[in-house]
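generate coordinates for the sequence data below:
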Amino acid sequence: MTPVTGLVVGVAEPVHHVPTGALYTVLVVLHVLCAVVGFGAVVLTGVQASRVRLGPAAPGADSVRRYFRPGTNWAGRSIYGVPVFGFASIAASGGAWRAADGFVVIGLVLWLVAAISAELVVWPSERRVQNMVTSDWGDARWAGDLERECRRVAALSALLGGIFVVAVVVMVARP
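Alright, predicted model coming up:
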């Protein structure tokens with residue numbers, strides 16, 4: 001299907017139709033859901049890491065312990081569904097969007113930065129925080145290590161939250 005053309009200041013520009021249909025809608029919803037859940041989980045991990053720094057006697061310490069129980073943060077891993085459902089949405093768009101569109105390329109680059117940062121820094125640090133919080137949170141031997149890991153998780157989680165906001169703006173504006 002060829003895009004419709006419109007005359008804007010004497011220049012013919014393609015005007016994309018808005019994709020419709022149940023499949024496209026479901027794929028976009030899954031794409032957005034994976035982004036919100038995945039980035040939300042990463043940001044929440046940063047918030048909880050900041051709470052760890054208050055110590056085991058602080059109010060809410062039990063909820064922090066529960067949050068950092070050992071295991072994989074599967075909610076955070078849902079960010080891997082973002083490009084899967086994004087490209088599936090492009091395929092189901094009936095030609096309205098292409099993988100080479102600027103907003104897709106920018107979004108993919110932002111996603112790559114976020115996914116690599118999460119894999120290389122946030123999640124390994126989160127595992128170390130889990131180990132320290134669940135084994136002996138108040139142990140003075142680990143105080144410096146725990147502080148460093150919590151700062152790292154909190155800072156990078158905030159950065160990834162910012163990347164998420166930029167990605168949402170790019171996806172909505174479609175430059």
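
for the rest of this, base every contact and every neighbour count on C-alpha atoms.
Fine.

pretty sure residue 114 contacts residue 161?
No. Counting by C-alpha atoms under 8 Å, residue 114 stays clear of residue 161, with 9.1 Å between them.

of the two, which one has the most company?
residue 114 (24 against 20; other C-alpha atoms under 10 Å).

for the more buried one, give me its contacts.
160, 163 (C-alpha atoms under 8 Å, 6 or more residues apart in numbering).

output the helix or strand hosting it as PDB - backbone C-alpha positions only.
Assigned by DSSP states H and E, residue 114 belongs to helix 102-117. The C-alpha trace of helix 102-117 is given here as PDB (Å, rounded to 0.1, in the frame of the first residue of the first chain):
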ATOM      1  CA  GLY A 102      13.300   7.600  12.600                       C
ATOM      2  CA  PHE A 103      11.200   7.000  15.700                       C
ATOM      3  CA  VAL A 104      11.800   3.300  15.400                       C
ATOM      4  CA  VAL A 105      15.600   3.700  15.000                       C
ATOM      5  CA  ILE A 106      15.800   6.100  17.900                       C
ATOM      6  CA  GLY A 107      13.600   3.900  20.100                       C
ATOM      7  CA  LEU A 108      15.700   0.900  19.300                       C
ATOM      8  CA  VAL A 109      19.000   2.700  20.200                       C
ATOM      9  CA  LEU A 110      17.400   3.900  23.500                       C
ATOM     10  CA  TRP A 111      16.200   0.400  24.200                       C
ATOM     11  CA  LEU A 112      19.700  -1.100  23.500                       C
ATOM     12  CA  VAL A 113      21.300   1.400  25.900                       C
ATOM     13  CA  ALA A 114      18.800   0.500  28.500                       C
ATOM     14  CA  ALA A 115      19.000  -3.300  28.000                       C
ATOM     15  CA  ILE A 116      22.800  -3.300  28.000                       C
ATOM     16  CA  SER A 117      22.900  -1.100  31.100                       C
END
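
I'd like the next helix or strand past it.
Sequence-wise, the next helix or strand downstream of helix 102-117 (DSSP H and E) is helix 123-136.

can you give me the end-to-end distance of stretch 129-142?
One end of stretch 129-142 sits 10 Å from the other (C-alpha to C-alpha, to the nearest Å).

which non-adjacent residue is nearest residue 125?
If you skip the residues right next to it in sequence, residue 125 has residue 149 as its closest partner in space, 5.6 Å away by C-alpha to C-alpha, 6 or more residues apart in numbering.
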